[in-house]
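**Q** predicted model, plus sequence, below.
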Amino acid sequence: MSSPPYGKKDLEDWIYFFESSLLIIGSALLISGVFFLIAFNWHLLDHFTKLGIIYFLNFVFYLFTFFFRKKELLFEIGLTILFFLTGSALLVFGQIYQTGADVYDLFLGWTVFTFLLVPISRSGVVAGFWMVLLTSTVYLYSIQVTTEKENHFLFASTSLFFGLLGTILDWQKKEFYSEKTKSSLSALSIFFALSFLNLIHWNFFRIHSEFTTTLIYGFFHILFPLLFYGFLYVYYRWYRFRHLNLSLILLFGLGQVLLKTADLFGIWAYGSAVNFLLFTLLITIYTVWAVSHLNRLRRTNVTEERIF
């Protein structure tokens, strides 16, 4: 059965929309009011009270999600609030006891303690926030713990993780998430996967003169991105067509072209005018091809859907 055209909603749909919107807005205003009230008087509270407030709120919203687990909207709101309250609890604990932990440690603990919320949620909101949290943790780890000569291993592993996560979300047929949610999470996974892949090359672009192992440099700089981009393109072009994911692949491919041509021209040491001309020509050719290719794929897919 095809979905009704946009603009042709019945009265029940509009009532549900307004109820949901008012509930979300009211919940957001209530939580904001409580947080502002506590934040304004935070310096007046003793350590025990601070911990008691934050852990009491965690307990309240745990009960909230338990008792409203059969009401999807309320359940998802409770899980989302629990997600942020967990991070707040870790932050307050570190502030009170002056643990001396880095920001990376806070985000790592937040990521670990909220992992179990991801398979419970069905809307995908918590999963999306958790992905953002994980990427922040990895990036902070690369800044505060590892060195620039080690970051390519970390970024490549993270890129593979998100790439596999995105393809698995589209491969599994179970209705764990709705099709729209699955599409959004898949696109977010691909976005993070390609972001970390480009970070590898940006890192190499900065330190390639200090890099002595040609084999590792060539693998991460040429072979790994070719295989990774090729796999994602083939997967989303022929197995599970998603126009948004293909757009992201070609867009981040432009970043690869930028970094590689800049590095290449720097090695060949052409004159500045020739550098600028060739660089502009390659970028223009790639951009024109990518846009025309995406338009052709969209028209082809629309035609095939009409036929079937």
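**A** Ah, there it is. No experiment lies behind these values; they were computed from the predicted model shown.
**Q** what segments of the stretch 51-200 of the chain are helices?
**A** 72-97, 103-113, 117-120, 125-144, 151-171, 179-207 (DSSP state H, counting those that start in this stretch).
**Q** nearest to Val34, of those?
**A** Nearest to Val34, of all the helices of the stretch 51-200 of the chain, is helix 72-97, at 10.6 Å by C-beta to C-beta. Heads up, the C-betas are built off the backbone N, CA and C, glycines and all.
**Q** got the contact list for the closest residue to Tyr104 other than its chain neighbours?
**A** Distances taken as C-beta to C-beta, 6 or more residues apart in numbering put Leu140 closest to Tyr104, at 4.1 Å, once the chain neighbours are dropped. Residues near Leu140 by C-beta atoms under 8 Å, 6 or more residues apart in numbering: Asp102, Val103, Tyr104, Phe107.
**Q** how near is the third one to Ile200?
**A** Which is Tyr104. 20 Å (C-beta to C-beta, to the nearest Å).
**Q** show me the contacts for Tyr286.
**A** Gly253, Leu254, Val257.
**Q** and for Tyr229?
**A** Ile249, Gly253, Gln256.
**Q** quickly find the element holding it.
**A** Counting by DSSP states H and E, the element that carries Tyr229 is helix 224-234.
**Q** which SSE is immediately downstream of that helix?
**A** helix 243-268.
**Q** neighbour-wise, which one of the contacts of Leu140 leads?
**A** Phe107 (21 neighbours; other C-beta atoms under 10 Å).
**Q** next, Tyr286: phi, psi?
**A** phi -60, psi -40 (degrees, to the nearest 10).
**Q** so for the helix or strand harbouring Phe276, mean pLDDT?
**A** Assigned by DSSP H and E, Phe276 falls within helix 272-307. Averaging pLDDT along helix 272-307 yields 73.
**Q** what of stretch 83-100?
**A** 76.
**Q** ok, Ser20 touching Glu72?
**A** No: with contact defined as C-beta atoms under 8 Å, Ser20 does not count as touching Glu72 (10.0 Å).
**Q** just for the stretch 101-250 of the chain, where's the confidence low?
**A** Applying pLDDT under 70 to the stretch 101-250 of the chain flags the ranges 101, 148, 173-174, 205-214.
**Q** circling back to that earlier point, now list the buried members of the contacts of Tyr286.
**A** Gly253, Val257 (16 or more other C-beta atoms under 10 Å).
**Q** which of the contacts of Tyr286 lies closest to Phe279?
**A** Val257 (9.6 Å).
**Q** can you tell me how far the residue nearest to that closest one when sequence neighbours are not counted is from Thr137?
**A** Among residues not flanking Val257 along the chain, Tyr286 sits closest, at 5.2 Å (C-beta to C-beta, 6+ apart). Distance, Tyr286 to Thr137, using C-beta to C-beta: 33 Å.
**Q** what's the answer for Trp110, then?
**A** On the measure of C-beta to C-beta, Trp110 and Thr137 end up 8 Å apart.
**Q** and for Ser157?
**A** The value you get for Ser157 to Thr137, if C-beta to C-beta is used, is 13 Å.
**Q** now the common contact residues for those two.
**A** In contact with both Ser157 and Thr137: no residue, using C-beta under 8 Å, 6+ apart.
**Q** compare those two (neighbour count), which wins?
**A** Using other C-beta under 10 Å as the criterion, Ser157 and Thr137 rank with Thr137 on top: 21 against 11.
**Q** just to check, that one is in contact with Thr114?
**A** No: using C-beta under 8 Å, Thr137 is not in contact with Thr114, being 11.2 Å away.
**Q** buried ones in stretch 103-123, by neighbour count?
**A** Counting neighbours by 16+ other C-beta under 10 Å, stretch 103-123 gives 104-111, 114, 117-118, 121-123 as buried.
**Q** tell me which of those is nearest to Phe219?
**A** Tyr104 (27.2 Å).
**Q** for that closest one, give me its contacts.
**A** Taking C-beta under 8 Å, 6+ apart as the test, what Tyr104 contacts is Thr137, Leu140, Tyr141, Ile143, Gln144, Val145.
**Q** how much space separates the fourth one from Asn151?
**A** As defined by C-beta to C-beta, Ile143 lies at a distance of 9 Å from Asn151.
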